[in-house]
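S.K.: Output the structure for:
(chains A, B, C and D)
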Number of protein chains: 4
Amino acid sequence: MNAPPLVFDRTDPEGAIAEAAARCSNAGRWGADDVHGTLNFLTPEVRVAAATLVRRGVSFSLAQAFDEHGPQKGWRRRTNPVHSMTDTGTDAEYGDQGFPHGFGGADDLVSMPLQCSTQWDGLGHIFDHGRAYNGRRASEVVTSAGDAVTGIETAAALIAGRGVLLDVGRVFGTDGNAELPDGFAITPEHLDATAEAHGITVRRGDLVCVRTGRLARARREGWGDYAGGDSPGLSFACADWLHQAELAAIATDTWGFEVRPNEFDGAFQPLHQVVIPHLGLYVGEMWDLDALAADCAADGVHAFWLTAAPIPFTGAVGSPVNPLAVK
Amino acid sequence: MNAPPLVFDRTDPEGAIAEAAARCSNAGRWGADDVHGTLNFLTPEVRVAAATLVRRGVSFSLAQAFDEHGPQKGWRRRTNPVHSMTDTGTDAEYGDQGFPHGFGGADDLVSMPLQCSTQWDGLGHIFDHGRAYNGRRASEVVTSAGDAVTGIETAAALIAGRGVLLDVGRVFGTDGNAELPDGFAITPEHLDATAEAHGITVRRGDLVCVRTGRLARARREGWGDYAGGDSPGLSFACADWLHQAELAAIATDTWGFEVRPNEFDGAFQPLHQVVIPHLGLYVGEMWDLDALAADCAADGVHAFWLTAAPIPFTGAVGSPVNPLAVK
Amino acid sequence: MNAPPLVFDRTDPEGAIAEAAARCSNAGRWGADDVHGTLNFLTPEVRVAAATLVRRGVSFSLAQAFDEHGPQKGWRRRTNPVHSMTDTGTDAEYGDQGFPHGFGGADDLVSMPLQCSTQWDGLGHIFDHGRAYNGRRASEVVTSAGDAVTGIETAAALIAGRGVLLDVGRVFGTDGNAELPDGFAITPEHLDATAEAHGITVRRGDLVCVRTGRLARARREGWGDYAGGDSPGLSFACADWLHQAELAAIATDTWGFEVRPNEFDGAFQPLHQVVIPHLGLYVGEMWDLDALAADCAADGVHAFWLTAAPIPFTGAVGSPVNPLAVK
Amino acid sequence: MNAPPLVFDRTDPEGAIAEAAARCSNAGRWGADDVHGTLNFLTPEVRVAAATLVRRGVSFSLAQAFDEHGPQKGWRRRTNPVHSMTDTGTDAEYGDQGFPHGFGGADDLVSMPLQCSTQWDGLGHIFDHGRAYNGRRASEVVTSAGDAVTGIETAAALIAGRGVLLDVGRVFGTDGNAELPDGFAITPEHLDATAEAHGITVRRGDLVCVRTGRLARARREGWGDYAGGDSPGLSFACADWLHQAELAAIATDTWGFEVRPNEFDGAFQPLHQVVIPHLGLYVGEMWDLDALAADCAADGVHAFWLTAAPIPFTGAVGSPVNPLAVK
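M.R.: Just a heads-up that it's a prediction; the model follows:
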């Protein structure tokens, strides 16, 4: 895989985005009606091959805890999940629930932004100049009634296949704790070198998990600005790599997948603006890759069976997810 | 597997529950501190064997749609999910979001009961006379702060293994549309006969999906009283079968897993009262088994790889889930 | 007050709306920047005069109960309020809350549509052909970030003044129970006759409460289609009356203020489309006027001090309210 | 009014609370079934006299803004309100809402803790050793189904009467900006001296608003720890003053009404523990008294007509409120 040279004008994010979009667009690739984007790469054949990676039968949840102690601070009304009980064991034991024959129950509710913790970005999550994936007008796709075209429910049955961990934090971490510093821009060269260090080849249809170590640091030091602040992450230069690799999806252990501060002056998430509306790439954020990574470091096996099925909220532009890796 | 004779006094649910609980209790079986219940049966070895069931690479979502058009009518504050947008494509196209370089985004929220659609019941969901799974006091387990012991997050990494479909609706449906009528009590004999008809053997650690056809009827006729009304479902007589089969979990396409009206006078979900607090059984409800069942009927293969990872809401007594079956 | 003749072409709602809007518009009346609409009529002088109506010191809440037993059925995601506890007395008594010296507490949450029960419609609630109050483009006023111009918080300090009850149900009810039948269109003549029967004159700046008896019937018979179904209510012919009367606001005991079925073929709330974006009229819905009406019928006094302060949710296009009438 | 000497053992909050409770209890005062507590002091006669205070007709909202920019940081799941739109003006203008004749609409939702902004504490909000107001067991009053006895709806019609502003911040502020420092304990002597400075007498049935200036400082400096941190507020020594004054209610411009840090070692809100369960006192928190206070300072009139009607959420232990003062 040949990554393009890492040269772009840092004063012109809009131009760089337009050029990358022109190089990397998958618009029309799977037909004008396509709603699956890069999930088209995840074929039945990919799944059959991936299932052979279940060898020890051990499983790992790649989800963070969903609770009020999460990293969100309210940016654009993104709070942490609020969980509350409508019936409790205390009440059941006290005997006030009105059920017969000693029956007691507990029930609960949650209110949450769909992007507040471990998640998939749907294809309707990001637009480029008012355009969504496959060249559609943003207003035709996502109104206040939700995403009528590429809602996350369209991916309900698809995301199970070969997971690959690229533990860039462990390979390039400089301080002995397998963590990249904030602002570290992961380039295609870093990705390739990490794969090589792991002895693994990234293939078409893979679900690639890039570990930076940012979550490990937050776990140790407190959330701080984990949600929206500085962070290691993918360089804008990865757009072409992501395109050429023909991944089904990519996920990271950071809030926002790409490096922050962003690599352009006055920019905001320019890589998103290329990969979601133009590549149609499924992007996972805030995944917890640490336990899996420790296991992969121990046994040297960085490929596994991965299921990451979004909750099919009709018309949602994202979804909480509990990805399960099985080795 | 020997099911007990189907004789119980329909006027004494409390007595029948106590007797079944005495026969079937798993309390202490995996230690006083155990929080996993029957998921203990789902071992790595089970997973390794199950992964070989991925042969064609086709995948099926077993989740219903999560939206405002669901079956809930407000019983015990159970509404359907309410999804709303905090940013839209219309706004992005209009250009009022305040982002640079043509970036636009859509974000969303949800408010929902955790038991409103396709779900797992956690072990803290049901109590018997103020007692939860493993003999704990209900008040020690679930307060208004949530389930401090057996919260659904304890199952985050576990539920991936061998799924088995028992399509009782197709085997015993009488009217040519593979659906059992409301009030049809599925007995151990029905389960065994269905497995035999499918040419399959239920094994320790299985994730068994029982299809009644109730959802198919609701899809055709409208929800009506799908949520809480009459329904086919498991007979109370299945308690021992469920215990002896050493399933990891069971799930159905109905609101409440057991037959309704319940088989005792003035009763409410008596089988729940045995299997959750005493067996420690994971119970899935409102699963959509229809597409999978059609495929199984077509190819005659009723076992598959099944992942059904709950969203790990800390302290929740249940969770929405999008179960993925792969054959 | 001269009401226009009740002649309009029932096949042409769009034309009738345009004509009424042209006759009744208050656009520009209080300046291009105005955000208060008809609340401009509610001057300090009006308040001073109204306060003298407090004579017996008795007070009446005009709010319905806010709970899960309300009339909403989910139309456009309007559910009933969902209230849940995050701390309870049971838990406090059990002693598990972690507070010192015997302190215990209870806390709670609510999730609700702002238009689900007794409410004010804000001026950003309804548009006519993409135009909001005072000639503004709808997209300039209400995006997914809320109403940036006429949010309900702009009315936070204003709504206290002279309340007048027009108990049309009691004056024109035909079956002895002071209730108008569904589909009963209240015309200007009905309003004037009711005021005359009460011996009261409607004045500029009044907060007029029109009782139809629809809520009384729902209370007796069950909600049925109270939310969105057939109902008595104001005729489209009242647009001019409402304009000429220079009311500060109007409220009814119905879901939607105007008569339903609407008086035009294939129409939806045409009177709203005139009075909110063109008159800038504050409209209250789902008020409970029954206890107040009984008192007014008993003492013959139909004017009172009325406070109806919306909760100032920033950018909201409506608000729950508990209107208090004091006589 | 004779305040008791300000002597209490700071190492024994539990003892001090018990003694104050014994001196100040209103349990049984209005009968064993009473649910109104000190609102019993707010009689029709009080209202008739108070209405005469409406002289200039000017009105003041005493509510803070209800939005995501509020002071809450998530303590005990108390977030700021989350407001979202289910229909927008942008969508209406774009023309995608499905309504006839050019009709467009905007609708919205809110999710919020009932104690997150300007509010009333209901009588079920605080317990003393598992006991609620009027000697009831906490578990009999507030379960996860809500407050079945003293829910805030019981106060729906009552809270309109004579408001009195005691601007302690302005009278005792030391730095020229009418603000008390954090930790400033307002004693009965401060309250009496403030009333005297204002030339006003506190009377039975009054709704007393105590301004500390804490909100003014937060407005200037940012929220910081406004919610739950250090603050000026009422001294524990005020318990007897509050009892003897026979107020209908008291409200402050602070998060928690009483001084913080609390005046006892290791204590948490000891004055609450006396005044809510024992006096049955209605307590308002997070009120915005600044605009009203400026007006009172300017015209020297510190009494006014005050309406502060809670939204009657059935079974709620508190409610958002928009108090309106009219002078």
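S.K.: CA only for contacts and neighbour counts going forward, please
M.R.: Will do.
S.K.: ok, is stretch A:70-81 in contact with chain D or not?
M.R.: Yes - counting by C-alpha under 8 Å from any C-alpha of the partner chain, chain D has neighbours in stretch A:70-81: A:74, A:77, A:79.
S.K.: Any chance of the residues you listed in TSV with secondary structure and pLDDT as columns?
M.R.: Converted to TSV, the residues of stretch A:70-81 next to chain D look like this (DSSP: H, G, I helix; E, B strand; the rest coil; pLDDT from 0 to 100):
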residue	secondary structure	pLDDT
A:74	coil	87
A:77	helix	92
A:79	coil	94
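S.K.: neighbour-wise, which of these leads?
M.R.: In terms of neighbours by other C-alpha atoms under 10 Å in any protein chain shown, those top out with residue A:79 at 28 neighbours.
S.K.: returning to what we had before: between the residues of stretch A:70-81 next to chain D, which is nearest residue A:300?
M.R.: The closest of the residues of stretch A:70-81 next to chain D to residue A:300 turns out to be residue A:79 (C-alpha to C-alpha; 37.8 Å).
S.K.: tell me how far the ends of stretch A:266-274 are from each other?
M.R.: From its first residue to its last, stretch A:266-274 covers 17 Å (C-alpha to C-alpha, to the nearest Å).
S.K.: how far is that stretch from where the chain is centred?
M.R.: What separates the centre of stretch A:266-274 from the centre of its chain is 16 Å, taken as C-alpha atoms, centre = their mean, to the nearest Å.
S.K.: right, is it up against chain B?
M.R.: Yes - judged by C-alpha under 8 Å from any C-alpha, stretch A:266-274 comes into contact with chain B at A:266-268, A:270, A:273.
S.K.: and what of stretch A:97-109?
M.R.: Yes - counting by C-alpha under 8 Å from any C-alpha, contacts between stretch A:97-109 and chain B involve A:99-109.
S.K.: Now stretch A:263-281: average pLDDT?
M.R.: Across stretch A:263-281, pLDDT averages out at 97.
S.K.: What of stretch A:287-306?
M.R.: For stretch A:287-306, the per-residue pLDDT averages 98.
S.K.: for chain A, which spans come out with low pLDDT?
M.R.: Applying pLDDT under 70 to chain A flags the ranges A:1-7.
S.K.: how does it divide up, domain by domain?
M.R.: Listed domain ranges for chain A are A:13-74+A:113-326, A:82-111 (source: automatic domain parsing).
S.K.: So for residue C:307, which of these sits nearest?
M.R.: In terms of C-alpha to C-alpha, the element of the domains of chain A nearest to residue C:307 is domain A:82-111, at 32.3 Å.
S.K.: Those residues of the stretch 1-150 of chain A touching chain C, which are they?
M.R.: Contacts of the stretch 1-150 of chain A with chain C, taken as C-alpha under 8 Å from any C-alpha, map to A:84-86, A:90-91, A:94, A:144.
S.K.: again, only using 7 Å
M.R.: Residues of the stretch 1-150 of chain A lying near chain C by C-alpha under 7 Å from any C-alpha of the partner chain: A:84-86, A:90-91.
S.K.: number of nearby residues for residue A:182?
M.R.: Residue A:182 has 16 neighbours, counted by other C-alpha under 10 Å.
S.K.: What are the boundaries of the strands in the stretch 151-300 of chain A?
M.R.: Counting by DSSP state E, counting those that start in this stretch, the stretch 151-300 of chain A has strands at residues A:160-166, A:185-186, A:207-210, A:233-234, A:249-252, A:282-285.
S.K.: The stretch 1-150 of chain A too?
M.R.: Under the criterion DSSP E, counting those that start in this stretch, the stretch 1-150 of chain A contains strands at A:59-61, A:82-87, A:103-105, A:107-113, A:119-121, A:126-128, A:142-143, A:146-147.
S.K.: can you tell me which residues contact the closest residue to residue A:59 other than its chain neighbours?
M.R.: The shortest distance from residue A:59 to any non-neighbouring residue, by C-alpha to C-alpha, 6 or more residues apart in numbering or on different chains, is to residue A:326 (4.3 Å). Residues near residue A:326 by C-alpha atoms under 7 Å, 6 or more residues apart in numbering or on different chains: A:54, A:57-60, A:304-306.
S.K.: how much space between residue A:282 and chain B?
M.R.: Separation of residue A:282 from chain B (C-alpha to the nearest C-alpha, to the nearest Å): 15 Å.
S.K.: Nearest the geometric middle of chain A, what residue?
M.R.: Centroid-nearest residue in chain A, with C-alpha atoms, centre = their mean: residue A:284, separated by 0.7 Å.
S.K.: For that residue, give its distance to residue A:324.
M.R.: 13 Å.
S.K.: hang on, the earlier thing: of the residues of the stretch 1-150 of chain A next to chain C, which are in range of chain B?
M.R.: Residues of the residues of the stretch 1-150 of chain A next to chain C in contact with chain B (C-alpha under 7 Å from any C-alpha): A:84-85, A:90.
S.K.: In contact with residue A:207: list those residues for me.
M.R.: Contact partners of residue A:207, counting by C-alpha under 7 Å, 6+ apart, are A:162-164, A:247-250.
S.K.: State the number of residues packed around residue A:189.
M.R.: Residues contacting residue A:189 under the criterion other C-alpha under 10 Å number 16.
S.K.: The residue nearest to the centre of chain A pairs with what?
M.R.: Assessed by DSSP bridges, residue A:284 has beta-bridge partners residue A:120, residue A:251.
S.K.: now do residue A:85
M.R.: Applying DSSP bridges to residue A:85 gives these bridge partners: residue A:108, residue C:85.
S.K.: you'd agree it is up against residue A:105?
M.R.: No - the pair residue A:85 / residue A:105 is not scored as a contact, 10.7 Å apart, by C-alpha atoms under 7 Å.
S.K.: ok so, going back, now the residues of the stretch 1-150 of chain A next to chain C as CSV including distance to residue D:35 and neighbour count?
M.R.: As requested, the residues of the stretch 1-150 of chain A next to chain C are exported to CSV (distance: C-alpha to C-alpha, whole Å; neighbours: other C-alpha atoms under 10 Å in any protein chain shown):
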residue, distance to residue D:35, neighbour count
A:84, 26, 29
A:85, 25, 28
A:86, 24, 24
A:90, 25, 32
A:91, 22, 29
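S.K.: nearest to residue B:133, of those residues?
M.R.: Among the residues of the stretch 1-150 of chain A next to chain C, residue A:90 lies closest to residue B:133 (C-alpha to C-alpha), at 14.5 Å.
S.K.: mind listing what the closest one touches?
M.R.: Residues counted as contacts of residue A:90 (C-alpha under 7 Å, 6+ apart) are B:138-139, B:142-143, C:90-91.
S.K.: at 8 Å instead, please
M.R.: Neighbour list for residue A:90: B:138-140, B:142-143, C:90-91, C:94 [criterion: C-alpha atoms under 8 Å, 6 or more residues apart in numbering or on different chains].
S.K.: now residue A:107
M.R.: Residues near residue A:107 by C-alpha under 8 Å, 6+ apart: A:85-88, B:113-115, B:125, B:317-318.
S.K.: quick one: residue A:231 and residue A:252 touch, right?
M.R.: No - using C-alpha atoms under 8 Å, residue A:231 makes no contact with residue A:252, being 11.3 Å away.
S.K.: and the gap between the residue lying farthest from the centre of chain A and residue A:139?
M.R.: Computed with C-alpha atoms, centre = their mean, the residue of chain A farthest from its C-alpha average is residue A:101, at 46.9 Å. Taking C-alpha to C-alpha as the measure, residue A:101 falls 55 Å from residue A:139.
S.K.: any idea how far residue A:231 lies from residue D:147?
M.R.: For residue A:231 relative to residue D:147 (C-alpha to C-alpha), the value is 46 Å.
S.K.: Report how many residues lie close to the residue in the stretch 101-250 of chain A that chain D sits nearest to.
M.R.: With C-alpha to the nearest C-alpha, the shortest gap between the stretch 101-250 of chain A and chain D falls at residue A:144, namely 5.3 Å. Per other C-alpha under 10 Å, the neighbour tally for residue A:144 reads 32.
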